[in-house]
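Enquirer: after the sequence you'll find the predicted model.
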Amino acid sequence: MEEAMNYAEIWHAGLASLFAIVPGATLVVALSSWLGKVWASRILEGDRVKYQREMAEVSASYERKSAFLRSELEKTVYVSRLHFETEFAALKEIWSALAEVRGVFVEIRSAGISLPTIETQAETTNRQVAAFGEGYNKLPKAVHHNSPFYPKCIFDEVAKLIGIAYLEYFQVATMRPPGEWWFKGADENREAFVTGAGRLSDLIRERIDELAIRIPV
C-alpha cells in the first residue's frame, strides 16, 4: 500500500513539476497530441493486422479458384483433343472407303475404258463387280459404326452416296454385257456419285478446319 502511495505521490509530484515548468494549456495540448499518436498507432496496427488477414483470405480464395479453373481448362483441352482425334479418325475411315468405291465407279460400265488384252470383257466385268462389292460393303460399315462421332450433315451426304452406290451395284451385279441395258443409267449414277463425293469432300474439309480452330494451342 505504501509502495502504491509512493508511486501515486511520485506521479502527482511529476505532474505538479510539469505544470510548474510548462503552462497548463501547453501541457494539455502536448498530452493530447501524444495520446492521439498512441491511439492512431494502435488503430493503424489493428487495421494493418485486419487487412493482412483479409488479404490472406482473398489470396487463398484466388488460389483455390485458379486451381479449379486450371483443372477445368485442362479437362476441356483434353476432351477437345480427344474429340478431334476421334472425329478425324472416323472421317478418314469414311473417306477411305468412299474413295475405294469411287475408284471402281468411274471405271465400271464406262465405254471409254479399253479392255486389257489378257482379259475378256466378261472377266473384266466380273473383276470390277467384285471390287465394287468389296468397296461397297466397307462404306456402310464405316459410316454407321462411326455415326455418333461426326456431324449429321456429313452423315446425310454419305447416306445419299450409299444409295447411289447401291443402285449402281445392283445394276452391275444383275446385268452383264453386251447388251443395251448394260450402259443404261451408268452415266447418271456416275455423275451423281462423283458430284456428291465432291460435296462430301468439301464438308469434311470444312469440319476439320472448324475442329482445328477450336483446339487450344
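Expert: Thanks, I have the structure now. Keep in mind that what you see is a predicted model, and the values were worked out from it rather than measured.
Enquirer: what residues does Gly103 make contact with?
Expert: Shown in contact with Gly103 (CB atoms under 8 Å, 6 or more residues apart in numbering): Gly135. Every C-beta, even on glycine, is put in place using the N, C-alpha and C of the backbone.
Enquirer: wait, Tyr166
Expert: Tyr136.
Enquirer: whichever helix or strand it is part of: what's the following helix or strand?
Expert: If you go by DSSP states H and E, Tyr166 is part of helix 152-174. Counting by DSSP H and E, the next helix or strand C-terminal to helix 152-174 is helix 186-214.
Enquirer: packing partners for that following helix?
Expert: Helix 186-214 sits against helix 24-105, helix 152-174, with contacts defined as 3 or more CB pairs under 8 Å, 6 or more residues apart in numbering; DSSP states H and E.
Enquirer: check which residues of it are buried.
Expert: 186, 189-190, 192-193, 196-197, 200, 203-204, 207, 211 (16 or more other CB atoms under 10 Å).
Enquirer: picking that back up, what comes up buried for the helix holding Tyr166?
Expert: Buried-residue list, helix 152-174, by 16+ other CB under 10 Å: 154, 157-158, 161-162, 164-165, 168-169, 171-172.
Enquirer: need these in a markdown table with distance to Arg102 and pLDDT, can you?
Expert: Below are these laid out as a markdown table (distance: CB to CB, whole Å; pLDDT from 0 to 100):
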| residue | distance to Arg102 | pLDDT |
| --- | --- | --- |
| Ile154 | 16 | 94 |
| Glu157 | 14 | 94 |
| Val158 | 12 | 93 |
| Leu161 | 9 | 94 |
| Ile162 | 12 | 93 |
| Ile164 | 11 | 93 |
| Ala165 | 9 | 91 |
| Glu168 | 11 | 88 |
| Tyr169 | 13 | 87 |
| Gln171 | 17 | 84 |
| Val172 | 15 | 82 |
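Enquirer: closest to Lys141 out of these?
Expert: Ile162 (10.7 Å; CB to CB).
Enquirer: residue contacts, that closest one?
Expert: Under the criterion of CB under 8 Å, 6+ apart, the neighbours of Ile162 are 139-140, 143.
Enquirer: give me the buried entries from these.
Expert: Buried, going by 16+ other CB under 10 Å: 139, 143, out of the contacts of Ile162.
Enquirer: nearest to Arg81 among the contacts of Ile162?
Expert: Val143 (24.1 Å).
Enquirer: alright, I will stop here.
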